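# Take a look and give me a structure for this.
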Amino acid sequence: MPQGEYAAALKAGKKEIQARAAAGLPTGLPALDDILEHVEIRGEVPLGLIDIPAELIVGTKTVSRTTSFAPNFMPILEEGSEFSMKWNSLCRAHLQEGIREPIKVYEYLNRYYVLEGNKRVSVLKYFDATSIPGYATRIIPAWKDTREIRIYYEFLDFYNETSINYLEFTREGSYRRLSHLTGHRVNDRWSPDDRMDFRSCYNRFSDAFEERGGQKLSCTTGDAFLTYLSLFGYEEVKKETAADFKTNLKKLWDEIELNFRDAGPEEKIDMKLDPTPDTRKGLISQILTVSSSSARAVTKIAFIHTRTTDTSSWTYSHELGRMYVNDIFHGEVETAAYENNFTDADAQSAIEQAISDGNTIIFTTTPVFLAASIKAAINHPEIRILNCSLNTSHKYIRTYYARIFEAKLLNGVLAGIMTDTNTIGYIADYPITAMPATINAFAIGVKMVNPQARIFLEWSTAKENKGVDLTEKLYSKGATYISHLDMIVPRHATRRYGLYRVNGETPVNLAFPVLDWGKYYERIIRNIRHGTWNAESKTDAKKAVSYFWGMSSGVVDVVWSSAIPAETRNLLETLKHSITRYDFNPFAGVLNSQAGTVQSDPAHRMSTNEIIAIDWLADNITGCIPAIRDLVPEAQAVVRQEGIRREDGSE
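Numbers count the residues shown, from 1 in each chain. Below you'll find the model as predicted:
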C-alpha cells in the first residue's frame with residue numbers, strides 16, 4: 001500500500017510543478033535562509049510544542065532540503081530511490097500507529113519552515129492532516145512601516161492574548177476587530193474555554209466556506225469569517241450548526257465576493273454623484289403614470305433612528321425629511337419612524353418590526369445600523385433597504401450620504417475673511433469616513449483667503465472633552481469664529497451651530513450648511529416608484545450602488561446671514577455656483593498635511609473616492625484625529641462601523 005501512496009504523491013508533486021511553471025511561478029520549495037538573507041531580525045522566541053496548521057507549513061529552513069519536494073511538499077524524487085523508501089516507511093508508520101514525533105520548525109511572518117521532519121510533513125500533508133505537532137521558534141523581523149509588517153505585529157499581539165495561530169487576515173485592524181467582536185478587550189487573555197469555543201465555531205465555518213468554493217476568492221477564511229461575525233454576532237454564530245453556516249453563506253456569498261474583490265473603490269462601488277434622470281418622456285407617459293399611481297397601493301416606508309428628535313439634531317434633520325416625504329407624496333406613501341434604537345440588536349428588532357408592519361422601503365439613518373441593515377436585507381431580499389453611510393461596498397443594500405464638505409468649504413472661506421484674530425475654532429463630532437475631508441475643506445477655504453489663519457480642532461465625542469464647554473475652550477485660545485453642529489436640537493435651542501461669532505456674549509450666526517434630506521428621500525423614492533432603481537443596479541451588476549449627492553443635486557446648500565457684507569456674499573455665491581457645476585474642486589493642486597505634502601501635482605484633482613478616503617489633516621489645522629480608545633463609548637460604536645480608523649479596536 002505505501003508504494004502506491006508514494007506513486008500518487010509523486011504524481012501530485014509533479015503536477016504542482018507543472019502548474020506553477022505554466023503560471024510563471026517559482027517551482028521550488030522556499031528556503032527560510034534565502035528569505036532572511038537581507039532581513040533585519042529583532043530577535044527569536046521559542047514557542048515550545050504547538051499545533052502547527054499544515055497549510056501554513058510552506059518551506060524548509062535550509063536550501064539543501066528543498067530539492068526533494070514540490071511547493072506543496074509532495075515528493076519529486078523517483079520511485080526506488082532511498083528517499084522514496086524512507087517516505088514509504090513513514091507512510092506505513094502513519095497508517096499503522098500514527099506519526100507521533102514532533103517536527104522542528106521556524107516561524108516567520110506566520111509561515112512555518114521545517115528544520116527537522118520534512119518527510120513527516122510530506123506524508124501528513126498527503127493524508128490531508130489539518131495540523132502537525134512541532135517545536136517552533138519564532139523569528140521576529142525588525143519593525144518596518146509596511147502593510148505586511150504592520151499586520152504581522154498585530155498578529156503577534158493577538159497571539160500573545162489567544163495562542164491562536166491558524167487565523168490569517170489580509171487587512172489591517174482585523175485581529176483587533178475580531179477580539180472586539182468576540183467580546184474581549186485588548187490585552188485580555190483568552191481562557192481555554194474561549195479558545196475551544198472559538199475553534200469549534202471557526203472550524204464549522206471553515207468547512208462550509210471551503211465547500212462553497214472559498215479558496216477561489218481573493219480573501220482568507222479568516223477574512224470571510226470576520227465579515228460573517230460582524231453581521232451575525234458571535235453569540236449567535238456560536239450556536240449555528242454546519243447546516244446553518246451553509247445556508248447563511250449561500251445568502252451572503254455575493255457580499256463576501258464583492259467585499260474582497262481585488263479592486264479599488266471605483267471597481268467595487270457605483271458611486272452616484274447626482275440623481276439618475278427620469279427617462280420617461282412625453283406628457284401622455286406622465287399622465288398615464290399619474291393615473292396608474294392613483295390606483296396603486298400606498299407605499300409604506302420606514303425610517304429607523306438611533307435617537308429621538310428631542311435628543312439628536314441628526315435624527316431631527318432626518319425626521320424633517322420624512323415629514324417632507326409625507327407632504328410631497330400625499331396619499332401615495334405612508335411613513336413611520338422607529339426611534340430610540342441604541343444597539344445593533346435594537347436596530348435588528350426595529351427593522352423586523354417595520355417589515356412586519358408592511359413597510360417595503362426602509363431607511364436606516366445612521367452608519368451604526370449598517371450590519372443590521374445588511375443582515376435584514378439578506379433575509380428579506382424583497383425589501384429595499386438603504387443605510388445612511390459612506391464608502392461601503394455591499395450588494396444587498398444601498399448607501400446614501402451627502403457631500404457636506406462642499407458647504408464647509410464655503411464656510412471656511414467666510415471664516416477666513418471675517419476672522420479678526422486669525423484663530424478659528426472647529427468642533428467636530430465623530431471621526432468617521434469623509435469627516436477629515438469635511439474638516440480639510442473648511443481649512444482649505446480659510447487658507448484660500450487668509451493663509452495666516454489657523455484652525456483649532458476639537459472633538460465633542462473625545463473623552464477629554466466630556467462635560468467641557470468647547471465654545472469657551474476655543475474662545476479662550478483666541479477663536480472668535482467657530483464652526484460647530486450643522487443643526488440644533490428643537491428642545492435645546494442654541495446659537496452654537498453652523499459658523500458663528502463669539503465675543504463673550506450671545507453668539508451671532510453667520511452661516512450654516514443645510515442637508516435637505518427631504519429632497520434626497522424624494523428622489524430616491526421616485527426612482528423606486530418609476531423603475532429607475534432597477535435600471536441603476538443593472539448598469540454594473542458586480543458593483544454596489546451608493547448615492548453621494550451634493551450641491552449639484554440641491555440636497556446640500558448654505559444659509560447666509562444678512563450680516564455678511566454684500567461683496568463677500570457675492571464671492572461666496574460665485575464659488576458656490578462653480579462647485580455646483582463641478583468647475584471647482586477644493587482638493588485640486590498642491591495639498592499639504594500636518595506631516596508634509598500629500599499631493600504635489602498642481603494639475604491633479606482628487607477623485608471622489610480619494611476625497612472620501614482622506615485620513616490626514618491640513619497643515620493649517622492644530623489638532624488631531626482621535627483614536628477609538630480616546631472617544632466616549634457611544635462614539636466608539638459609530639467609529640468601529642464607519643470610522644477611518646476602524647482597525648483601532650482598543651478601549
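# Any idea which helix or strand in this structure has the lowest mean pLDDT?
Least confident helix or strand, the chain: helix 283-295 with a mean of 48, by mean pLDDT, DSSP states H and E.
# Need the phi and psi values for Y426.
phi -140, psi 120 (degrees, to the nearest 10).
# shaky segments in the stretch 151-300 of the chain?
Scanning the stretch 151-300 of the chain with the threshold set as pLDDT under 70 gives 261-267, 278-296.
# can you give me the helices for it?
174-181, 192-212, 221-232, 234-238, 242-259, 265-268, 283-295 (DSSP state H, counting those that start in this stretch).
# what about those helices, which gets the closest to V123?
helix 192-212 (22.1 Å; Cβ to Cβ). C-beta coordinates here come from the backbone N, C-alpha and C atoms, glycine included.
# Output the contacting helices and strands for the closest one.
Helices and strands touching helix 192-212, by 3 or more Cβ pairs under 8 Å, 6 or more residues apart in numbering; DSSP states H and E, are helix 221-232, helix 234-238, helix 242-259.
# you'd agree L370 is up against S389?
Yes - with contact defined as Cβ atoms under 8 Å, L370 reaches S389; the gap is 5.4 Å.
# list the residues that contact both of these two?
Residues touching both L370 and S389 by Cβ atoms under 8 Å, 6 or more residues apart in numbering: 399, 641-642.
# Give me the buried entries from those residues.
Neighbour counting with 16 or more other Cβ atoms under 10 Å marks 399, 641-642 as buried within the shared contacts of L370 and S389.
# Is A603 in a helix, a strand, or coil?
What DSSP: H, G, I helix; E, B strand; the rest coil gives for A603 is coil.
# any idea of the pLDDT on the closest residue to it other than its chain neighbours?
Using Cβ to Cβ, 6 or more residues apart in numbering and skipping the chain neighbours, the partner closest in space to A603 is G589 (7.6 Å). pLDDT for G589: 94.
# what does L470 give?
pLDDT at L470 comes out at 93.
# That one: how many residues sit nearby?
18 (other Cβ atoms under 10 Å).
# Starting from Q594, give me the distance back to it.
Plainly put, L470 is 21 Å away from Q594 if you go by Cβ to Cβ, to the nearest Å.
# is it true that H394 touches L386?
No - taking Cβ under 8 Å as the definition, H394 is not a contact partner of L386, at 10.7 Å.
# And those two? Which one has more around it.
Using other Cβ under 10 Å as the criterion, H394 and L386 rank with H394 on top: 26 against 22.
# show me the contacts for the more buried one.
Neighbours of H394 in contact, by Cβ under 8 Å, 6+ apart: 255, 258-259, 370, 374, 544.
# just to confirm, which helix or strand has G28 in it?
Under the criterion DSSP states H and E, no helix or strand holds G28.
# Can you give me the distance of it to S389?
Distance from G28 to S389, by Cβ to Cβ: 47 Å.
# who's more crowded, those two?
S389 (25 against 16).
# what separates the more buried one from T366, distance-wise?
Counting by Cβ to Cβ - S389 and T366 are separated by 8 Å.
# ok, now V333?
Counting by Cβ to Cβ - V333 and T366 are separated by 22 Å.
# which one of those two has more residues nearby?
Neighbour totals were compared for V333 and T366, and T366 leads with 24 against 17 (other Cβ under 10 Å).
# Hmm, H305 and the more buried one touching each other?
Yes - with contacts counted by Cβ under 8 Å, T366 reaches H305, the gap being 7.4 Å.
# Name the nearest of the contacts of H394 relative to L167.
N259 (17.6 Å).
# what's the neighbour count on that closest one?
19.
# Direction included, what does the helix or strand where L386 lies pair up with?
Applying DSSP H and E as the criterion places L386 in strand 384-387. Here strand 384-387 has these sheet partners by DSSP bridges: strand 361-364 (parallel), strand 398-402 (parallel).
# Would you reformat the ones you listed as a markdown table and include mean pLDDT and distance to M74?
A markdown table is the format used below for these (pLDDT from 0 to 100; distance: least, Cβ to Cβ, whole Å):
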| stretch | mean pLDDT | distance to M74 |
| --- | --- | --- |
| strand 361-364 | 98 | 51 |
| strand 398-402 | 94 | 47 |
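# quick revisit: out of the contacts of H394, the closest to L499 would be?
L370 (30.5 Å).
# From S68, how far off is that closest one?
From L370 to S68 the distance is 51 Å (Cβ to Cβ).
# of these two, who's got more company?
L370 (23 against 20).
# Now do the SS call for the more buried one.
Going by three-state DSSP: L370 is helix.
# could you measure it against T227, distance?
For L370, the distance to T227 - Cβ to Cβ - is 12 Å.
# Check Y481 too.
44 Å.
# cool, and Y152?
For Y152, the distance to T227 - Cβ to Cβ - is 21 Å.
# if I look at S476, how far off is A462?
17 Å.
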